[in-house]
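Novice: Quick one, structure for this:
(2 chains, ligands or ions: 2)
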Amino acid sequence: MALLETKGLSKHFGGLKAVSDLDLSVEEGEIRGIIGPNGAGKTTLFNVISGTYKPTSGEVFLNGERISGLRPSRIAAKGGVRTFQRTALFKDFTVLQNVSIARHLLANESLLGAVFGTARRMEKAHEARALEILEFIGLADIKNELSHNLPHGHQRALGVAMALATEPRLLMLDEPVAGMNPQETARMTELIRKLRDEWKITILLVEHDMRTVMGLCEYITVLNFGHKLTEGAPKEIVSNQEVIEAYLGSDNILEDDGFAS
Amino acid sequence: MSAPSDPRTMGTVVDSRRERLRRLGPWLVLGLTLAVLCVLPFEMRPYHREMTMVFFINLIMVTSYRLITTTGDWSFAHIVLMGAGAYGAALIAKHAGLPFGVVVPMAGIVAALVGAAFIVPLLRTAGFGFFIASFAFGELVRLIWVKVQFPFGGARGIINIPSPEILGLKLGSSIPYYFTCFIVALISLTILYRIDKSRMGNAWKAIHGDEMLAECVGINVAHHRSFAFITGAFFAGIAGGLLAFHMGAIDPRNFDLTQMVYLIIWVVVGGAVTFWGPIIGLIVVTIAFEWTRPLLEWRPLMFGAILILFLIFLPGGLESLLPKIGPTLCRSPVEQLARVRRWLTTFVART
Ligand SMILES: Nc1ncnc2c1ncn2[C@@H]1O[C@H](COP(=O)(O)OP(=O)(O)OP(=O)(O)O)[C@@H](O)[C@H]1O
Ligand SMILES: [Mg+2]
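Specialist: Ligands and ions are numbered 1, 2, ... in the order given. Prediction:
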């Protein structure tokens, strides 16, 4: 059974069909690439799967369970977590606090627990895990910095660390290397591979940086105007005439750095 | 007699001491304040004692109000929730004859229930919409108090609220009730402080920071906004219960717009980012208004002037000055101690 399945999934904004009748099936352990020109509906797809937007029609299943219509925190509890194309973090919090707060679901603190501080030992465990994640991402040295003050690349990485803190089964990364320098990009690529190989997390990757996508994904879905244009292995995709045309219609794909959320 | 010590080790000794003092400092200040507040009522004129008593009640109000604002929801109904507690306490005490120790927590629960009824529709609003909608709900409830004779007594409100008693101990007179309010405020503030510093308090601040992100990393935003609002309402109700027993009679004017504006002024003057901001605001404004009592008729104008001045020149409130003056305040006594010590050692060495 596929870990993630969408059936006839659509999201319309007024007359605009941002996602249109999309069937998607992602197996456990995949790194699935989602590509397409600007405005193809990639971010909207993440918004709908993660519950940020309710679908106009169609359904989403995570591990066989219907999750469409649930709120994002419920979907996160079931293991589906996304990162944002915009740089999203709690800017008044330190790096460590950002990651700790993302363990909210697992901490499950009650009001009485909050008043009496009964969960203190659990908090220690959560902090240890948060540090482990920061170590993995490479931000442990700056754990006490205000996240607001970090350079862009670190802020992007922190976004991934926060998603990891929820202990997801399905991680949806929306342009994780956008705006990163080549070293940071190489490092993030390596981390994503490790997440799948060692942390056993299934990954959905939206990315304009073709080298990253081609290097990481065994299978790629191409969206255009909300429709699925085609799917296949990277080699098939780059030689597909329709894909080339879709991209030629937009700006040069390799130089694209969309920032619209 | 004293062997000349290595200046380097001496430095670290002073450092660790300084560190310890810095950590102990706030507790010392807190302990001192509490001690003064325990002695004060016996030394005060009754008028000032009453004022301090009301100050304790307001302390609960302003701190619980700030708790709600940490999620980013600026309510305009907090005073009405206090009123719900006050009316609840008055009615329960009069008609059910329950003792004070039961009635005050029940006042909190009444306000929490009214708050729960408010927040369900309010969740659909945010920001300015929340502010306006909460005002509308509050006015609706206040109008019910004004218009409905039974059981609320209409515009004249409820009189002859029995005087408070715990286990046969009469609390009605000034000094015992002073301590009642003091203790209830102390407990309430401790709880509110613990919540603020807890994981849950952080989750509420996260919602304020980025609601969509908070939801996506697993914080149920609707649930927690409700939770913050209802918790705040509970403590507003407690404050309302204390107020009802203090005054012995309540009417809808006690919970009208003017009172809400006071609350807003305290928070604007003090700031609402830290736990202490609104408390500082309350203290400063209370003292300032007391000094300017002869100018009572000008007060509405002062309201406006203060709000405008602070919003323009000190939008973070007085608390935003703390990081600037804090270090000097912390350092100077420590350094003075160190200076005295140095002077003593040289003095001893010389003799
Ligand atoms: N909240 C919204 N309201 C209205 N229209 C929207 C909204 N979100 C997205 N759209 C529109 O839906 C279409 C798809 O947008 P989406 O952000 O999903 O594209 P994308 O594939 O992520 O593009 P990019 O590569 O630039 O990030 C666009 O035309 C966009 O303008
Ligand atoms: Mg996008």
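Novice: where does the residue in the stretch 201-350 of chain B positioned nearest to ligand 1 fall, helix, sheet strand or coil?
Specialist: The nearest approach of the stretch 201-350 of chain B to ligand 1 comes at B:Met212, 11.4 Å away (C-beta to the nearest ligand atom). Placement of C-beta: from N, CA and C, glycine included. Classification of B:Met212 using DSSP: H, G, I helix; E, B strand; the rest coil returns helix.
Novice: How about the residues of the stretch 101-250 of chain A by chain B?
Specialist: Residues of the stretch 101-250 of chain A lying near chain B by C-beta under 8 Å from any C-beta of the partner chain: A:101-102, A:104-105, A:107, A:109, A:111, A:113-117, A:119, A:123, A:162-163, A:165-166.
Novice: let's go with 7 Å and repeat that
Specialist: A:101-102, A:104-105, A:107, A:109, A:111, A:114-115, A:117, A:162, A:166 (C-beta under 7 Å from any C-beta of the partner chain).
Novice: Burial check on residue 97, number of neighbours?
Specialist: You didn't pick a chain, so chain A it is. Neighbourhood size, A:Gln97 [other C-beta atoms under 10 Å in any protein chain shown]: 19.
Novice: nope, chain B please
Specialist: B:Gly97, neighbours per other C-beta under 10 Å, totals 9.
Novice: got a pLDDT number for the residue of the stretch 201-350 of chain B closest to ligand 1?
Specialist: B:Met212 is assigned a pLDDT of 96 by the prediction.
Novice: How about the one 10 residues further on?
Specialist: Reported pLDDT at B:Ala222 in the predicted model: 97.
Novice: again with the one 3 residues further on
Specialist: The predicted structure scores B:Arg225 at 97 on the pLDDT scale.
Novice: same question, B:Ala338
Specialist: Value listed for B:Ala338 in the pLDDT field: 70.
Novice: and it, what helix or strand is that in?
Specialist: Secondary structure assignment for B:Ala338, by DSSP states H and E: helix B:322-350.
Novice: Mind checking which of the residues of the stretch 101-250 of chain A next to chain B are buried?
Specialist: Among these, those scoring as buried are A:101-102, A:104-105, A:107, A:109, A:114-115, A:162, A:166 (criterion: 16 or more other C-beta atoms under 10 Å in any protein chain shown).
Novice: Report the two of those separated the most.
Specialist: For those, the maximum inter-member distance is 26.6 Å, found between A:Val115 and A:Met162 (C-beta to C-beta).
Novice: burial count for the residue of the stretch 201-350 of chain B closest to ligand 1?
Specialist: 16.
Novice: Double-check it against A:Thr52; I have them as touching.
Specialist: Yes: counting by C-beta atoms under 7 Å, B:Met212 does reach A:Thr52; the two are 6.4 Å apart.
Novice: Can you pull the poorly scored residue ranges out of chain A?
Specialist: A:248-261 (pLDDT under 70).
Novice: could you redo the last one with a cut-off of 50?
Specialist: A:251-261 (pLDDT under 50).
Novice: Return the residues of it in contact with ligand 2.
Specialist: Within chain A, the positions adjacent to ligand 2 are A:42-43, A:85 by C-beta under 5 Å from the ion.
Novice: can you tell me which of the residues you listed are in strands?
Specialist: With DSSP state E as the criterion, strands contain none of these.
Novice: now those residues in CSV, with neighbour count?
Specialist: Below are those laid out as CSV (neighbours: other C-beta atoms under 10 Å in any protein chain shown):
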residue, neighbour count
A:Lys42, 26
A:Thr43, 24
A:Gln85, 20
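Novice: For burial, what's the neighbour tally of A:Ala2?
Specialist: Around A:Ala2 there are 16 residues (other C-beta under 10 Å).
Novice: next one: the one 3 residues further on
Specialist: Neighbouring residues of A:Glu5 were enumerated by other C-beta under 10 Å; the total is 18.
Novice: Report pLDDT for whatever residue of the stretch 51-200 of chain B ends up closest to chain A.
Specialist: Closest approach between the stretch 51-200 of chain B and chain A, counting by C-beta to the nearest C-beta: B:Ser198, at 3.5 Å. pLDDT recorded at B:Ser198 is 92.
Novice: So it is in contact with A:Phe116, correct?
Specialist: No: B:Ser198 is not in contact with A:Phe116 according to C-beta under 7 Å; the separation is 9.6 Å.
Novice: All good on my end, thank you.
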